[in-house]
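Peer 1: Sequence and predicted structure, then a few things I'm wondering about:
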Amino acid sequence: MAEPESKTPTADEVEDVEEIEEGDVASAGDIASQVMKNPQVLAALQEKLGSMVGAHSGYIQSLPKVVKRRLKALKKLQFDVIKLESEFYKEVHDLECKYASKYVSMFDKRKEILTGNTEPTDEECDWPSEDEKDDEDKISEDLKNKVKVEDKNEEKKDDSDTKGIPHFWLTIFKNVEMLSEMVQDHDEPILQHLQDIKVIFTETEPKGFTLEFHFASNEYFTDTVLTKHYTLRFEPDPEDSFSYEGPEIVKCQGCPINWVKGKNVTVKTIKKKQKHKGRGTTRTVTKTVTNDSFFNFFNPPAVPEDDAEMDEDLEALLAADFEIGHFIRDRIVPRAALYFTGEALDTDDYDDEENEEEGEEEDYDEDNDADYKPAEGEKPPECKQQ
């Protein structure tokens, strides 16, 4: 029996088939696009993706029971390591308390110099600066003697009423970005009276530290010392032990400021006009509202006893406050002179640049670098053919 002849499709028929297939694909794309515009579909998709974030790959769950048992032993050992680590940090704090007393005399001397109560001796000033070192390289011995004579004449001219180092702490606050963001224009005249910042460590439980801001007599408030106390927790969080990374600030407490009448920069008075709906008369209402100021630092938000009651805004405010307190304790107070001159800031900037360079090295391609020159004896890279 003869097989039926297979009919070869004509060019027109092939074109028709292709057009139908392309139309189907386009139609499917339109449907997908419309589906993705549906807010209910997007919400369901986001919820699904959200539930997958942080989810285990399933490998741990698939392990044999005997292996899971060993993992429990490792976790218990890990917890013991963390407990020992917390004891280490407690001893570090005790060591800080011990050495704090050794720093007192040096920091008191610093205060005496910057407030002008003490004039440093020539021996105490015997510390070369970079400018002086450059000058010494450029001038001869004869010129040195001439400069010394001129310096003596300048000293006589400079015997003015300038005492100590004016605006020492205010300059530091303005140099450090984290602190300068807090300082408003109306804060600066007050901070000009700031004479010293001290760190007082608490040895007894609960351990912590207090920042003391010492002010000269001024027209803004009657206090001579404003304080901010931070409470530290050295033990790991019972509900999340494995996230432990050392002691953390868990609470802070400021102090009241006894403002002179009309000088409180943390509040401002605003006036609003209100119009009566019926009679059409207007009245002026005076209202006192909070004002941006560095001195709000001494009135931090209260930490709720239950963490569940803390919203994201409050958590962010407290985290920023804790970071500032820690930075003042660890960096500003011990290295105040270097933050005044900006040398400590230069060090911070170099650290950032090194990190950036490390990240950029991976993307470097010498083939595409027009300025790249191979070392002597090294063949230049061959041009790649596409």
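Peer 2: Now that the structure is in, tell me what you want to look at. Numbers count the residues shown, from 1 in each chain.

Peer 1: mind listing the helices for the stretch 201-350 of the chain?
Peer 2: Remark: helices assigned in the stretch 201-350 of the chain by DSSP state H, counting those that start in this stretch are 312-327, 336-341, 343-360.

Peer 1: Which of those comes out lowest on mean pLDDT?
Peer 2: Note on the helices of the stretch 201-350 of the chain: helix 343-360 shows the lowest mean pLDDT, a mean of 57.

Peer 1: what about F209, distance to K111?
Peer 2: 19 Å (Cβ to Cβ, to the nearest Å). Heads up, the C-betas are built off the backbone N, CA and C, glycines and all.

Peer 1: quick one: which of these two has more around it?
Peer 2: Using other Cβ atoms under 10 Å, the more surrounded residue of F209 and K111 is F209, with 23 against 18.

Peer 1: In this structure the more buried one contacts K198, no?
Peer 2: No - assessed by Cβ atoms under 8 Å, F209 is found out of contact with K198, at 10.2 Å.

Peer 1: Any stretches of the stretch 151-300 of the chain with poor pLDDT?
Peer 2: Flagging of the stretch 151-300 of the chain using pLDDT under 70 yields the residue ranges 151-160.

Peer 1: just the strands in it please.
Peer 2: Under the criterion DSSP state E, counting those that start in this stretch, strands of the stretch 151-300 of the chain are mapped to 194-202, 208-215, 225-233, 248-253, 267-275, 282-290.

Peer 1: what's the most buried one of the ones you listed?
Peer 2: Ranked by average neighbour count under the criterion mean count of other Cβ atoms under 10 Å, the strands of the stretch 151-300 of the chain are headed by strand 208-215 at a mean of 20.

Peer 1: and it, which strands flank it?
Peer 2: Applying DSSP bridges, strand 208-215 is found paired with strand 194-202 (antiparallel), strand 225-233 (antiparallel).

Peer 1: Pipe the ones you listed into a markdown table and attach distance to Q34 per row.
Peer 2: Shown next, in a markdown table, are the strands paired with strand 208-215 (distance: least, Cβ to Cβ, whole Å):
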| stretch | distance to Q34 |
| --- | --- |
| strand 194-202 | 63 |
| strand 225-233 | 53 |
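
Peer 1: Identify whichever of the ones you listed lies nearest to E248.
Peer 2: E248 lies closest to strand 225-233 among the strands paired with strand 208-215, at 5.7 Å (Cβ to Cβ).

Peer 1: could you check the angle helix 312-327 makes with that closest one?
Peer 2: In terms of direction (axes from the mean of the first three to the mean of the last three Cα atoms, to 10 degrees), strand 225-233 departs from helix 312-327 by 110 degrees.

Peer 1: Could I get the CA-only coordinates of strand 225-233 as PDB?
Peer 2: Taking C-alpha atoms only, strand 225-233 is exported to PDB below (Å, rounded to 0.1, in the frame of the first residue of the first chain):
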ATOM      1  CA  VAL A 225      28.700  70.600  85.400                       C
ATOM      2  CA  LEU A 226      26.200  68.700  83.100                       C
ATOM      3  CA  THR A 227      26.300  64.900  83.100                       C
ATOM      4  CA  LYS A 228      25.300  62.000  81.000                       C
ATOM      5  CA  HIS A 229      25.400  58.500  82.400                       C
ATOM      6  CA  TYR A 230      25.500  55.300  80.400                       C
ATOM      7  CA  THR A 231      24.800  51.800  81.700                       C
ATOM      8  CA  LEU A 232      26.700  48.900  80.200                       C
ATOM      9  CA  ARG A 233      25.700  45.200  79.900                       C
END
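
Peer 1: I'd like the numbering to begin with 36 instead of 1 from here.
Peer 2: OK, 36 is where the count begins now, so the last one is strand 260-268.

Peer 1: For the stretch 86-235 of the chain, just list every one of the helices.
Peer 2: Shown for the stretch 86-235 of the chain, the helices assigned by DSSP H, counting those that start in this stretch span residues 94-97, 100-150, 165-173, 176-192, 203-210, 212-215, 223-226.

Peer 1: I'd like to know which elements the last one is packed against.
Peer 2: Identification of packing neighbours for helix 223-226 by 3 or more Cβ pairs under 8 Å, 6 or more residues apart in numbering; DSSP states H and E yields helix 203-210.

Peer 1: got the buried residues for the helix it packs on?
Peer 2: Neighbour-count burial for helix 203-210 flags 203-208 (criterion: 16 or more other Cβ atoms under 10 Å).

Peer 1: Just the C-alpha atoms of it, please, in PDB.
Peer 2: Taking C-alpha atoms only, helix 203-210 is exported to PDB below (Å, rounded to 0.1, in the frame of the first residue of the first chain):
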ATOM      1  CA  PHE A 203      39.000  74.500  72.200                       C
ATOM      2  CA  TRP A 204      36.000  72.000  72.700                       C
ATOM      3  CA  LEU A 205      33.700  73.900  70.400                       C
ATOM      4  CA  THR A 206      36.300  73.600  67.600                       C
ATOM      5  CA  ILE A 207      36.500  69.900  68.200                       C
ATOM      6  CA  PHE A 208      32.700  69.500  68.000                       C
ATOM      7  CA  LYS A 209      32.700  71.400  64.700                       C
ATOM      8  CA  ASN A 210      35.600  69.300  63.300                       C
END
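
Peer 1: helices or strands up against it?
Peer 2: Applying 3+ Cβ pairs under 8 Å, 6+ apart, one finds that helix 203-210 contacts helix 212-215, helix 223-226, strand 229-237, helix 371-376.

Peer 1: Just want the angle from that helix to helix 100-150.
Peer 2: Using the same axes, to 10 degrees: helix 203-210 against helix 100-150 is 130 degrees.

Peer 1: Can you tell me what sits against helix 203-210?
Peer 2: With contacts defined as Cβ atoms under 8 Å, 6 or more residues apart in numbering, helix 203-210 is touched by 149, 214-215, 217-218, 223, 226-227, 229-232, 329, 367, 371, 374-375, 377, 380.

Peer 1: Repeat the analysis, applying 7 Å as the threshold.
Peer 2: 149, 214-215, 218, 223, 226-227, 229, 232, 367, 371, 374-375, 377, 380 (Cβ atoms under 7 Å, 6 or more residues apart in numbering).
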